[in-house]
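K.L.:
sequence first, then the predicted structure:
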Amino acid sequence: MKSPEYPTITAIAHPNIAFIKYWGNRDDKLRLPCNSSLSCNLAGLETRTSVRFDPSLTADRFTLAGERIKGPALARVSGFLNIVREIAGRPHYAEVSSANNFPAGAGIASSASAFAALALAASTAIGLNLEEKELSGLARRGSGSASRSIPSGFVEWQAGTGDADSYAFSIASADYWELVDLVCVLDTSHKSVGSTGGHALAHTSPLQALRQLHVTERLNLCRKAILERDFELFSMVVEEDSNLMHAVMRTSSPPLVYWLPETEVILWTVKEWRNQGKAVCTTVDAGPNVHVLTLKQDVPWALSQLKQLPGVRQILQAQVGQGARLLPTE
Ligand code: DP6
């Protein structure tokens, strides 16, 4: 049989910031989360990934920012491509080339945009034409939060009952609410436990069950806050959910402490600003950097204030972004 001719396909995806967090899996292999989560995509920050399957290759090849990658990162990409090959029923290896436009050390989880872009580029390149929910479920297999970078704007990932219904969908378009994420980048020189390792520890915390108890209520409130553009309600529920996740992290065995003293200073200061009537609130992922959420009209003021806080090395600015999409083939 003649080998198929494959095209080179390029896809683009944004990272996302979760307002209601994904922390802990029911099934680590399938990345079926303990709870549903809610996020928005971050416009301007992006991963661009090209994929070409090639019948003459004897293994997958992965280049990141122009550098050939081997070891665990290649194994994770290859493991993901195995899933794509299995769905398509085609055995061929691929050449994958990827680049982020945001700095690797900036503490923005790149796995979400990376696996969303890879899911779209690889599934298209192998000849599949997946629906959005199938694509989101596929991206989930690479990195849980990547499921949320497939749909556009404000996105909910329903935990589901199994592989088939654990996917994300848009609850509001990117221009629905003029929310802005100001990512305050602190010192990121030390490596801590990554999210995959962290998810596996979540169940060791006695607080994980407690966090789960009211997570659906928080998610419902957060969805309502977004749909009603109610910043006060949004602030309350987003900060509570982030604090609960970090309480779980800190009480895991071994404990995961991601915050730096400067993290605390920003959290405290932003709360003070809110008490003075400003529309600002915070959320923190698996790292020390603080995502300060505000509204478009308050960005100049917030930036000028945040710059003065101790330890803030850089502030990345992102509005709500679109979902993953293909670039035209040349
Ligand atoms: C703290 O999606 O990065 O950012 O599935 O192992 O790749 P893996 O984990 P990942 O976990 C994200 C954790 C978080 C919270 C969130 O984004 O919901």
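P.N.:
On my side now, so go ahead. Numbers count the residues shown, from 1 in each chain.
K.L.:
make it CA atoms for all contacts and neighbour counts henceforth
P.N.:
OK.
K.L.:
where do the strands sit along the stretch 201-330 of the chain?
P.N.:
In the stretch 201-330 of the chain, strands defined by DSSP state E, counting those that start in this stretch lie at 280-283, 290-295, 314-319, 325-326, listed in chain order.
K.L.:
what lines up beside the last one in the sheet?
P.N.:
Using DSSP bridges, the strands paired with strand 325-326 are strand 9-13 (antiparallel).
K.L.:
so after whichever strand or helix holds V96, what's the next helix or strand?
P.N.:
The secondary structure element spanning V96 is strand 94-100 (assigned by DSSP states H and E). Reading on from strand 94-100 to the C-terminus, the next helix or strand found by DSSP H and E is helix 110-125.
K.L.:
burial count for E132?
P.N.:
18 (other CA atoms under 10 Å).
K.L.:
phi, psi for it please.
P.N.:
phi -60, psi -40 (degrees, to the nearest 10).
K.L.:
please name the residues that touch it.
P.N.:
Listed by CA atoms under 8 Å, 6 or more residues apart in numbering, the contact partners of E132 are 150-151.
K.L.:
how about the residues of the stretch 51-200 of the chain near the ligand?
P.N.:
Taking CA under 6 Å from any ligand atom, the part of the stretch 51-200 of the chain that reaches the ligand is made up of 111, 143-145, 195-196.
K.L.:
tell me where this protein is predicted with low confidence.
P.N.:
1-3, 105-107, 188-191, 330 (pLDDT under 70).
K.L.:
for the ligand, what's its nearest residue on the stretch 201-330 of the chain.
P.N.:
Here the residue of the stretch 201-330 of the chain nearest the ligand is D285; by CA to the nearest ligand atom that distance is 4.1 Å.
K.L.:
for that residue, give its distance to E262.
P.N.:
Here the criterion is CA to CA, to the nearest Å. By it, D285 lies 15 Å from E262.
K.L.:
more neighbours: those two, which one.
P.N.:
Between D285 and E262, counted using other CA under 10 Å, D285 has the larger neighbour count: 23 against 18.
K.L.:
mind listing what the nearest residue to L179 once chain neighbours are set aside touches?
P.N.:
In space, not counting the residues next to it along the chain, L179 is nearest to L295; the distance is 4.7 Å by CA to CA, 6 or more residues apart in numbering. Listed by CA under 8 Å, 6+ apart, the contact set of L295 reads 178-180, 279-280.
K.L.:
just flag the most distant two among the residues you listed.
P.N.:
The most widely separated members of the contacts of L295, counting by CA to CA, are E178 and V280 (12.8 Å).
K.L.:
which of these two has more neighbours?
P.N.:
Set E178 next to V280 and count neighbours by other CA under 10 Å: V280 wins out with 24 against 13.
K.L.:
before we move on, what SS does the closest residue to the ligand within the stretch 151-300 of the chain have?
P.N.:
Using CA to the nearest ligand atom, the point where the stretch 151-300 of the chain gets nearest to the ligand is T196, with a distance of 3.2 Å. Classification of T196 into helix, strand or coil gives helix, according to DSSP: H, G, I helix; E, B strand; the rest coil.
K.L.:
what is the burial count for it?
P.N.:
15.
K.L.:
can you check Q212 too?
P.N.:
Burial of Q212 is recorded as 17 neighbouring residues (other CA under 10 Å).
K.L.:
these two touch, right, it and S36?
P.N.:
No: Q212 sits out of contact with S36 when judged by CA atoms under 8 Å, with a separation of 9.9 Å.
K.L.:
and the contacts of the top helix by length along the chain?
P.N.:
When every helix of the chain is counted residue by residue (DSSP state H), the longest turns out to be helix 231-250. Residues from elsewhere that reach helix 231-250 (CA under 8 Å, 6+ apart): 19-21, 23, 198, 202, 205-208, 211, 215, 218, 221-222, 225-226, 255-257, 279-285.
K.L.:
report the buried members of these.
P.N.:
Restricting the contacts of helix 231-250 to buried positions leaves 19-21, 23, 198, 202, 205, 207-208, 211, 215, 218, 221-222, 225-226, 255-257, 279-285, with burial counted as 16 or more other CA atoms under 10 Å.
K.L.:
tell me, how many residues neighbour the residue nearest to R140 when sequence neighbours are not counted?
P.N.:
Counting by CA to CA, 6+ apart, S147 is the residue found nearest to R140 once chain neighbours are left out, at 4.5 Å. For S147, the count of nearby residues is 32 (other CA under 10 Å).
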